[in-house]
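In: would you be able to build a 3D model of this:
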Amino acid sequence: MKRRRIAIVASHVIQYQDPFFRLLAAEPDVDLTVLYLSDAGVRTYRDADMGTALKWDVELLSGYQHKFLRNLVHDSNRGWTRHINPGLVPALLREPYEMVIFMLGWGSVSALLGIFACWWTGIPFFLYGDSSFPPEETTLRSRIRARLLRMLFRGASGFMVSGALNADYYRHYGADPEHFFLLPWAVDNERFFEASRFAPDEREAMRAKLGVRPDQTLFVFSAKLVARKDPMTLLRAFEQLADRDRAAVLFLGDGVLHESLETFAREHDLSNIHFAGFVNQSELPKYYGMSDVFVLPSTYEPRGAVINEAMACGLPVIVTDRCGSIGDIVLDGENAFIYPAGDAEELAKSMERLIADPELRAAMARRSREIIGTWTFARGVEGVKAALAYVSRGAAK
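Out: Okay, here's the model as predicted:
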């Protein structure tokens with residue numbers, strides 16, 4: 001059996017992507033190499049948003065070929081200059097790759113260098129990202145950006161689509177849906193499900209240690225405590241609850257808003273607010289498992305892999321209408337409630353419905369597990385192989 005050579009260009013080592021690379025590399029007809037533009041993720045690094053040093057505590061980098069390319073800039077750089085890897089061009093050109101997937105989008109110097117190298121030499125390349133909600137084209141800068149994106153998308157062989165709104169984003173800029181191949185923005189569902197299970201009385205003991213009573217509905221937030229994630233709206237919604245004593249909120253993560261959130265809770269006499277700080281991957285499922293409802297109040301969330309995590313652990317979710325997971329794994333009225341971003345009153349109404357109706361919570365929790373069970377890395381492998389077949393037919397540019 002002929003093995004097909006694929007290169008995936010990835011920004012850095014991400015705990016969500018690593019299991020997918022292993023699964024794809026295990027295919028007998030796939031010869032995969034992952035080209036990393038940074039080694040962040042496998043070593044301790046400083047997260048600027050959380051203001052802390054961290055290192056993932058789950059298995060990474062095993063089961064697939066990978067190479068780290070020298071990045072000329074510091075990991076803390078952002079925007080277009082966060083990756084400048086001149087070595088990417090020869091790394092792509094000296095091997096006979098049949099297709100290249102840019103799994104970091106297109107918004108960096110290195111991404112554009114690699115894309116241009118593929119276009120110039122005729123190597124089929126596919127774009128993959130989590131972009132959603134195209135911005136309005138009301139300024140000169142936004143119109144120039146939109147025109148450049150349309151030019152870039154015309155040159156791509158195809159698109160690995162991470163979800164429903166991501167597909168809408170590509171279509172908005174002129175991409176042809178016939179060149180779309182599904183690569184779900186997924187997590188290791190089985191790991192989260194298994195690790196969220198409790199021994200007898202373990203869940204109650206964990207909640208009691210935090211100070212959460214058995215009769216309280218525990219809402220969990222898991223993200224950086226930064227403005228875009230809007231944790232303050234969750235506190236404001238909690239303040240509006242008719243019977244706050246029946247609920248509690250748990251913040252997982254850290255960031256620049258930590259102190260202001262604690263100050264708000266103290267000044268507004270909000271008890272039952274808990275801050276756990278950064279929780280690493282091996283411990284995270286238990287925190288979801290001890291909770292009852294997941295809330296992500298982001299003002300803009302391209303995708304939100306934490307939603308996948310919470311659903312795999314069996315939680316109903318409440319998210320804003322600016323969440324990129326809407327329409328595929330976030331289904332309003334089935335496993336989720338969706339409210340307008342920044343609207344604390346509407347968020348409070350959704351919270352009160354779930355506090356008042358344990359049967360509804362249970363039904364939505366079951367639906368979360370059903371939905372996320374279909375949103376898997378295996379479907380991503382199928383999508384990549386479908387893209388390979390498309391390349392083989394000579395249909396790709």
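
In: ok, the closest residue to S271 other than its chain neighbours - how many residues close by?
Out: Using Cβ to Cβ, 6 or more residues apart in numbering and skipping residues adjacent in sequence, the residue nearest S271 is R244, 7.7 Å away. (C-beta placed from N, C-alpha, C; glycine too.) Counted with other Cβ atoms under 10 Å, the neighbours of R244 add up to 18.

In: I'd say R244 and N272 touch.
Out: Yes. Counting by Cβ atoms under 8 Å, N272 is a contact partner of R244 at 6.8 Å.

In: list the contacts for the spatially closest residue to A365 that is not a sequence neighbour?
Out: Among residues not flanking A365 along the chain, G314 sits closest, at 4.8 Å (Cβ to Cβ, 6+ apart). Neighbouring residues of G314 by Cβ atoms under 8 Å, 6 or more residues apart in numbering: 193, 196, 289, 365-366, 368-369.

In: so where's the stretch 251-397 of the chain shaky on pLDDT?
Out: 395-397 (pLDDT under 70).

In: redo that, cut-off 80
Out: 394-397 (pLDDT under 80).

In: quick one: the most centrally placed residue in the chain from G163, how far?
Out: The centroid of the chain falls nearest to A305 when counting by Cα atoms, centre = their mean (3.0 Å). Note on A305: its distance to G163, by Cβ to Cβ, to the nearest Å, is 11 Å.

In: repeat for E346
Out: 24 Å.

In: between these two, who's got more neighbours?
Out: Between E346 and G163, counted using other Cβ under 10 Å, G163 has the larger neighbour count: 26 against 19.

In: show me where the stretch 101-250 of the chain has its strands.
Out: Here the stretch 101-250 of the chain has its strands, by DSSP state E, counting those that start in this stretch, at 125-128, 158-161, 180-182, 217-222, 247-252.

In: returning to what we had before: can you list the contacts of G314 in a markdown table and add distance to F219, secondary structure and neighbour count?
Out: Output for the contacts of G314, formatted as a markdown table (distance: Cβ to Cβ, whole Å; DSSP: H, G, I helix; E, B strand; the rest coil; neighbours: other Cβ atoms under 10 Å):
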| residue | distance to F219 | secondary structure | neighbour count |
| --- | --- | --- | --- |
| F193 | 21 | helix | 18 |
| S196 | 16 | coil | 22 |
| G289 | 14 | helix | 21 |
| A365 | 13 | helix | 21 |
| R366 | 19 | helix | 13 |
| S368 | 15 | helix | 27 |
| R369 | 19 | helix | 16 |
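
In: can you redo the residues you listed as JSON lines with distance to Y300?
Out: Below are the contacts of G314 laid out as JSON lines (distance: Cβ to Cβ, whole Å):
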{"residue": "F193", "distance to Y300": "29"}
{"residue": "S196", "distance to Y300": "28"}
{"residue": "G289", "distance to Y300": "28"}
{"residue": "A365", "distance to Y300": "27"}
{"residue": "R366", "distance to Y300": "30"}
{"residue": "S368", "distance to Y300": "23"}
{"residue": "R369", "distance to Y300": "27"}
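
In: how about low-confidence regions in the stretch 1-150 of the chain?
Out: Across the stretch 1-150 of the chain, the ranges flagged by pLDDT under 80 are 1, 43-59, 74-80.

In: coming back round to it: find residues that contact each of A305 and G163.
Out: Common neighbours of A305 and G163 (criterion: Cβ under 8 Å, 6+ apart): W185.

In: before we move on, the earlier item: tell me which of the strands of the stretch 101-250 of the chain sits nearest to V42.
Out: The closest of the strands of the stretch 101-250 of the chain to V42 is strand 125-128. By Cβ to Cβ, the value is 21.1 Å.

In: parallel or antiparallel, which strands does the closest one pair with?
Out: strand 99-102 (parallel), strand 158-161 (parallel) (DSSP bridges).

In: and those as JSON lines, adding mean neighbour count and distance to G383?
Out: As requested, the strands paired with strand 125-128 are exported to JSON lines (neighbours: other Cβ atoms under 10 Å; distance: least, Cβ to Cβ, whole Å):
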{"stretch": "strand 99-102", "mean neighbour count": "25", "distance to G383": "10"}
{"stretch": "strand 158-161", "mean neighbour count": "25", "distance to G383": "6"}
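
In: distance to L225 for those strands - can I get that in JSON lines?
Out: Shown next, in JSON lines, are the strands paired with strand 125-128 (distance: least, Cβ to Cβ, whole Å):
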{"stretch": "strand 99-102", "distance to L225": "31"}
{"stretch": "strand 158-161", "distance to L225": "31"}
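
In: so which of those is nearest H172?
Out: Of these, nearest to H172 by Cβ to Cβ is strand 158-161, at 12.2 Å.

In: and the closest one, C-alpha only, in CSV?
Out: Listed next in CSV are the C-alpha coordinates belonging to strand 158-161 (Å, rounded to 0.1, in the frame of the first residue of the first chain):
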residue,chain,number,x,y,z
GLY,A,158,-9.3,23.5,-0.2
PHE,A,159,-10.3,24.1,3.4
MET,A,160,-10.4,21.8,6.4
VAL,A,161,-13.6,23.0,8.2
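
In: show me how far it is from its chain's centre.
Out: Relative to its parent chain, strand 158-161 has a centroid offset of 17 Å by Cα atoms, centre = their mean, to the nearest Å.
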